[in-house]
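Trainee: Sequence first, then the predicted structure:
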2 protein chains.
Amino acid sequence: MKTDFQDLKPSPRVLLGPGPSNVHPRVLRAMATPLLGYLDPEFLVIMDEIKELLRYVFQTENDLTLPISGTGTAGMEASLYNIIEPGDRVVVVVKGFFGERICDMAERCGAQVKRIEVEWGRIVEPEQVKAALKDGGVKVVALVHAETSTGVLQPLEEISQMVHEHEAFLLVDAVTSLGGHPVKVDDRGIDICYSGSQKCLACPPGLAPITFNNRAAEAMRNRKSKGQSWYLDMTMVEKYWGQERAYHHTAPITMNYALREALLLIFEEGLEARFERHRLNHQALLAGLQAMGLEPFAQAGHRLWTLNTVRVPKSVEDARIRRRLLDEFSIEIGGGLGPVKGQIWRIGLMGYSSSKQNVLLCLGALETVFREEGYQLAAGAGVAAATEVYS
Amino acid sequence: MKTDFQDLKPSPRVLLGPGPSNVHPRVLRAMATPLLGYLDPEFLVIMDEIKELLRYVFQTENDLTLPISGTGTAGMEASLYNIIEPGDRVVVVVKGFFGERICDMAERCGAQVKRIEVEWGRIVEPEQVKAALKDGGVKVVALVHAETSTGVLQPLEEISQMVHEHEAFLLVDAVTSLGGHPVKVDDRGIDICYSGSQKCLACPPGLAPITFNNRAAEAMRNRKSKGQSWYLDMTMVEKYWGQERAYHHTAPITMNYALREALLLIFEEGLEARFERHRLNHQALLAGLQAMGLEPFAQAGHRLWTLNTVRVPKSVEDARIRRRLLDEFSIEIGGGLGPVKGQIWRIGLMGYSSSKQNVLLCLGALETVFREEGYQLAAGAGVAAATEVYS
């Protein structure tokens, strides 16, 4: 076997892809903190603080609010697997890669899945959801708030109203919005919502915040069959995170230290200021990219502040540009997934990564590479347009 | 909501419970390392190194060897959920808390579960397994190598032979043995084996190393039905960890940094030296505990080096002693689970926590507390007996 292992010294990256995003030095430092046991009285205080801070970012008073011990995908699975029972009718909006993933998981629960197909890059219209609900008997409507594969932000208010008129549950993926866009779980009547730690919360990947309102929690507790996952069974997880403190699995102590610190940074900044920062940096980056001749991919009026999607210009090669950004500027941006592979770039401005500095750096680096690759553009146009937004 | 959040400054603990164990400063430092993207060429090198180092500790050449993105319980679930299909006959040895957990998970896969019941604190005898196999048709035999709830180490050789004579798969939980006892996946013919990062590997909790041999991997790939977990579906996970590098979920970057550093520490120490360290410290601690009049719980000849179980003396109160150790000495030891709650203590000597210093400290602290609680014992007897083992 290999024996010449080197010291761990990865290149310092500017992470402007679809996640993970960069992490504040305070969060990194928190991760180097020595461990407590998972039932240590001091750790129990930390757990309670995390629950409280998660309620703040989810904008909810839901009692059942905690981080699942897995990545955002585990959060998706936990939300579906706890509410769906075999034979349940579930409507899934498929407007990108992650809606597709929800369908696959829902089918693995034995759900009868009805798909609402939407062109990638567009929102679902309330009428489409209405049509899917009209026959009645739907238990869950699942959709993605911020589609990481397309850069689209989905309005939820009207859909929420319809879903509840039909007495179904609204299940929302907020992986790329929580901490960057208002999620407003209570105001919007979202019944079940989950996210990931590594995007706008600016914590390393490995935890999935989740919240169930009382109605959803009751339905989950009163289900007829056992959930198909033991690890993600919220009826047991909630006993460890609640007053009983019953052992379920060993909590990822260090990841929870990190999440607490990342949430505290959000609390100190304030949600409104944080949203405004994300909005402004998005506006500046997009103005810069458009001034450089790049065309936005996501539907106008519904673009994420946290993840900017643009079409790859015809005269340059996707992978080559991304590789040069990484090798020469240590900047990571994302490529397209599935049907838009090679066709779009996904430039994340999430959490700690959403800064004026990163916007200007990204535009400057792109211009440098574009020029060398022979892509025609007006000198300094990108940075100039961004500067105008900031001034 | 609460607004007076304090700085993160947990008490420095001596972790001698059932896990997590203490972590080497190099591992803590690794966790403070800035993040890479999950497809960064530098991260792909780290992934390959982790696979190689995991093969070293599992003592296997299995290609499909990687860390699951969850705790040891997620590893248990991943091992069962990938191999079992609805209707499969599965034999589970129940000789503690974790065998019970395997039954619950196997039933959630739709398995026909046949339990072999063994008194807590004892091993299963090969004849019992033979009897359970005699009717044929068994697909999987699952058992725990190192039962964290009882402190028993299960011999595997004879059982492995029987299982393979019946063409079944041997599935082994090595959560509390990997990195502390020889697991010898290849020599013993273990088909599927999993562990947790936070015990003898001395890494924070949050990852579950797992390995499948070719026969098990083929069976998993050729299953008729989709596995019930998307997150833990090894047919997809292996494509991210293999040459295809197909996105499945965002790897917990920081946890993987930590695991790599913890595995490097094992590689540098050498497996044989590490096993001997665990053996010696166990022997010294047990000699000390016995000299203090404490009675071992686990069957003689089959006691774990990594987790020592003793009966709580009748004249003292379990929770009170553990609380005093924590409050006055910052030492965590574990209490009993399930039917032995309040009756036994579980004193872990795992990974970095397995040291002469901790053995002497633990015995000295116990003696101090015992005296103050009125438990009669010969002065200095525990430390003296341990010292004799070391000299």
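Mentor: Right, received. Where do you want to start? The shown structure was predicted, so the numbers you read here are calculated from the model rather than taken from an experiment.
Trainee: now A:Val91, what's its secondary structure?
Mentor: Here A:Val91 is recorded as strand under DSSP: H, G, I helix; E, B strand; the rest coil.
Trainee: who does it bridge with?
Mentor: For A:Val91, the beta-bridge partners are A:Lys114, A:Val141 (DSSP bridges).
Trainee: I figured it was touching A:Lys139, is that so?
Mentor: No: judged on CB atoms under 8 Å, A:Val91 makes no contact with A:Lys139 at a distance of 9.1 Å. Yep, even glycine has a C-beta here, placed from its N, CA and C like the rest.
Trainee: what's the overlap in contacts for these two?
Mentor: Both A:Val91 and A:Lys139 are contacted by A:Ala168, under the criterion CB atoms under 8 Å, 6 or more residues apart in numbering or on different chains.
Trainee: Just want to know which of the two has more residues nearby.
Mentor: Ranked by neighbour count (other CB atoms under 10 Å in any protein chain shown), A:Val91 and A:Lys139 place A:Val91 first, with 26 against 20.
Trainee: Could I get the pLDDT score of the more buried one?
Mentor: A:Val91 carries a pLDDT value of 98.
Trainee: Now do the helices in the stretch 101-250 of chain A.
Mentor: Using DSSP state H, counting those that start in this stretch, the helices of the stretch 101-250 of chain A run over residues A:126-133, A:157-165, A:214-221, A:234-241.
Trainee: Convert the C-alpha atoms of the helix or strand just after the last one to CSV, please.
Mentor: Scanning forward in sequence from helix A:234-241 by DSSP states H and E, the next helix or strand is helix A:253-269. Coordinates of each C-alpha in helix A:253-269 appear next as CSV, following Å, rounded to 0.1, in the frame of the first residue of the first chain:
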residue,chain,number,x,y,z
ILE,A,253,-20.4,16.4,18.5
THR,A,254,-18.0,18.5,16.4
MET,A,255,-20.4,19.1,13.6
ASN,A,256,-22.8,20.4,16.2
TYR,A,257,-20.2,22.7,17.6
ALA,A,258,-19.7,24.1,14.1
LEU,A,259,-23.4,24.5,13.4
ARG,A,260,-23.9,26.4,16.7
GLU,A,261,-21.1,28.8,15.9
ALA,A,262,-22.4,29.3,12.3
LEU,A,263,-25.9,30.0,13.6
LEU,A,264,-24.6,32.4,16.2
LEU,A,265,-22.9,34.3,13.4
ILE,A,266,-26.3,34.6,11.6
PHE,A,267,-27.9,35.7,14.9
GLU,A,268,-25.3,38.4,15.4
GLU,A,269,-25.6,39.6,11.8
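Trainee: Summarise which helices and strands helix A:253-269 is packed against.
Mentor: Counting contacts by 3 or more CB pairs under 8 Å, 6 or more residues apart in numbering or on different chains; DSSP states H and E, helix A:253-269 is packed against helix A:25-31, helix A:41-58, strand A:64-68, helix B:253-269.
Trainee: For A:Glu100, list the residues it contacts.
Mentor: When contacts are counted by CB under 8 Å, 6+ apart, A:Glu100 touches A:Val94, A:Gly338.
Trainee: ok, now with 7 Å
Mentor: Residues counted as contacts of A:Glu100 (CB atoms under 7 Å, 6 or more residues apart in numbering or on different chains) are A:Val94.
Trainee: Could you confirm it falls within a strand?
Mentor: No: judged by three-state DSSP, A:Glu100 forms no part of a strand; its state is helix.
Trainee: Next one: the helix of greatest length in chain A, is it in contact with chain B?
Mentor: Longest helix in chain A, counting residues (DSSP state H): helix A:271-291. No: for helix A:271-291, no contact with chain B is found by CB under 7 Å from any CB of the partner chain; the gap never falls below 12.2 Å.
Trainee: in that helix, what counts as buried?
Mentor: Under the neighbour-count criterion of 16 or more other CB atoms under 10 Å in any protein chain shown, helix A:271-291 has A:274-275, A:277-278, A:280-289, A:291 buried.
Trainee: now swap in stretch A:114-128 and tell me
Mentor: Within stretch A:114-128, the residues scored as buried using 16+ other CB under 10 Å are A:Lys114, A:Arg115, A:Ile116, A:Val118, A:Trp120, A:Gly121, A:Arg122, A:Ile123, A:Val124, A:Pro126, A:Gln128.
Trainee: which two in those residues are spaced the farthest apart?
Mentor: Taking every pair in the buried residues of stretch A:114-128 and measuring CB to CB, the maximum separation is 22.2 Å, between A:Lys114 and A:Gly121.
Trainee: returning to that earlier point: of the helices of the stretch 101-250 of chain A, which stretch is the most buried?
Mentor: Among the helices of the stretch 101-250 of chain A, the stretch with the highest mean neighbour count (mean count of other CB atoms under 10 Å in any protein chain shown) is helix A:234-241, at a mean of 19.
Trainee: other SSEs contacting that helix?
Mentor: The criterion is 3 or more CB pairs under 7 Å, 6 or more residues apart in numbering or on different chains; DSSP states H and E, and the helices and strands that helix A:234-241 contacts are helix A:214-221.
Trainee: Name the surrounding residues that touch the helix it packs on.
Mentor: Applying CB under 7 Å, 6+ apart, the contact partners of helix A:214-221 are A:Leu64, A:Asn82, A:Ile83, A:Phe169, A:Asp191, A:Ile192, A:Phe212, A:Met234, A:Thr235.
Trainee: Report the angle between that helix and strand A:64-68.
Mentor: Put simply, helix A:214-221 runs at 60 degrees to strand A:64-68, going by axes from the mean of the first three to the mean of the last three CA atoms, to 10 degrees.
Trainee: Near A:Glu388, how many other residues are there?
Mentor: Neighbour count of A:Glu388, defined by other CB under 10 Å: 12.
Trainee: What residue, apart from its backbone neighbours, is nearest it spatially?
Mentor: Nearest in space to A:Glu388, with sequence neighbours left out and distances taken as CB to CB, 6 or more residues apart in numbering or on different chains, is A:Ala287 at 7.0 Å.
Trainee: ok, now A:Cys193?
Mentor: A:Val172 (4.8 Å).
Trainee: can you pull the contacts of A:Arg279?
Mentor: Shown in contact with A:Arg279 (CB under 7 Å, 6+ apart): A:Trp305.
Trainee: State the pLDDT value of it.
Mentor: 98.
Trainee: before we move on, what about the one 5 residues further on?
Mentor: What the model reports for A:Ala284 is a pLDDT of 98.
Trainee: From A:Lys114, how far out is the nearest residue to A:Leu143 once chain neighbours are set aside?
Mentor: Leaving aside its chain neighbours, A:Leu143 sits nearest to A:Val93 (3.8 Å; criterion: CB to CB, 6+ apart). Applying CB to CB, to the nearest Å, one obtains 10 Å for the distance of A:Val93 from A:Lys114.
Trainee: Find the closest residue to chain B in the stretch 251-391 of chain A.
Mentor: Closest contact between the stretch 251-391 of chain A and chain B, by CB to the nearest CB, is at A:Pro252 (3.5 Å).
Trainee: neighbours of the closest residue to that residue other than its chain neighbours, just the number please.
Mentor: Once flanking residues are discounted, A:Pro252 sits nearest to B:Gly206: 3.5 Å by CB to CB, 6+ apart. Burial of B:Gly206 is recorded as 32 neighbouring residues (other CB under 10 Å).
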